[in-house]
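J.: below: sequence and its predicted model.
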Amino acid sequence: MPITPATATNSPSSGTAEPILLELVDEDGVTVGTAEKLSAHQPPGKLHRAFSVFLFDERGRLLLQQRALGKYHSPGVWSNTCCGHPYPGEAPFAAAARRTYEELGVSPSLMAEAGTVRYNHPDPASGLVEQEFNHLFVGMVQSPVRPDGNEVAATAFVTPEDLAERHARDTFSAWFMTVLDAARPAVRELTGPSAGW
């Protein structure tokens with residue numbers, strides 16, 4: 001994975017102690033400033049740019065991740081393949097590809113934009129708030145997943161039926177259904193009608 005100026009100054013592996021900054025946006029997704037990551041999530045939350053990735057295998061199964069237990073926000077919950085925040089000035093597509101590689105050790109194939117969704121989801125467990133203008137991406141995963149244990153506790157490939165069972169049984173991120181529902185048209189285009197998404 002190439003190191004860009006954004007990843008060099010903000011990457012946890014770079015050894016810097018600089019705060020991670022998020023890009024604040026208005027209701028139209030236009031950048032209006034920056035804020036430190038944790039402060040942007042303190043109630044009532046500051047509207048910021050985010051991304052969510054949905055990757056599928058050749059059988060049309062969605063790759064889920066269980067967030068690592070050490071995360072300060074939504075630890076141990078299941079969620080979509082990858083989600084996060086671009087660094088200020090970083091294109092959402094580039095950020096989505098970068099974080100998917102950093103968290104799961106894979107580079108998405110055929111990744112395409114799938115629209116945006118704006119939401120406000122408080123997380124009851126942590127007390128933090130997700131006020132996000134979220135850029136959605138769908139694509140394929142065509143190589144073995146190699147998760148970073150600091151980021152990801154577990155992964156699973158699921159069919160729509162598997163997901164329904166797992167969603168009824170396990171705890172998912174507060175934003176999961178919102179971003180999945182918003183991405184469904186692009187998911188169906190990618191996976192085809194037989195996959196059932």
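T.: Sure thing, it's come through.
J.: pretty sure residue 148 is one of the things residue 155 touches, is it not?
T.: No. With contact defined as CB atoms under 8 Å, residue 155 does not count as touching residue 148 (11.2 Å). Where you see a C-beta, it was placed from the backbone N, CA and C, and this is true even at glycine.
J.: neighbour-wise, which of these two wins?
T.: Under the neighbour definition other CB atoms under 10 Å, residue 155 and residue 148 were set side by side, and residue 155 has more, 17 against 14.
J.: next one: that one, what pLDDT does it get?
T.: With respect to pLDDT, residue 155 scores 98.
J.: pretty sure it is in a helix, no?
T.: No. Using DSSP: H, G, I helix; E, B strand; the rest coil, the assignment for residue 155 is strand, not a helix.
J.: who's it bridged to?
T.: On the basis of DSSP bridges, residue 155 is bridged to residue 65.
J.: how far away is it from residue 40?
T.: 27 Å (CB to CB, to the nearest Å).
J.: give the other helices and strands that the helix ranked longest in the chain contacts.
T.: Counting residues, the longest helix in the chain under DSSP state H turns out to be helix 176-191. Packing partners of helix 176-191 (3 or more CB pairs under 8 Å, 6 or more residues apart in numbering; DSSP states H and E): strand 48-56, strand 109-122, strand 129-140.
J.: low-confidence stretches in this protein?
T.: 1-17 (pLDDT under 70).
J.: so which residue is dead centre in it?
T.: Residue closest to the average C-alpha location in the chain (CA atoms, centre = their mean): residue 83, at 0.9 Å.
J.: contacting residues around residue 23?
T.: 31, 33-34, 48-49, 85-89 (CB atoms under 8 Å, 6 or more residues apart in numbering).
J.: how about 6 Å then?
T.: By CB atoms under 6 Å, 6 or more residues apart in numbering, the residues touching residue 23 are 31, 49, 88.
J.: highest neighbour count among the residues you listed?
T.: Result: residue 49 is most packed of these (other CB under 10 Å), 22 neighbours.
J.: quickly note the distance from that one to residue 34.
T.: As judged by CB to CB, residue 49 and residue 34 stand 10 Å apart.
J.: residue 20 too?
T.: In terms of CB to CB, residue 20 sits 10 Å off from residue 34.
J.: and residue 93, what element?
T.: helix 92-104 (DSSP states H and E).
J.: could you say what helices and strands that helix packs with?
T.: strand 48-56, strand 82-84 (3 or more CB pairs under 6 Å, 6 or more residues apart in numbering; DSSP states H and E).
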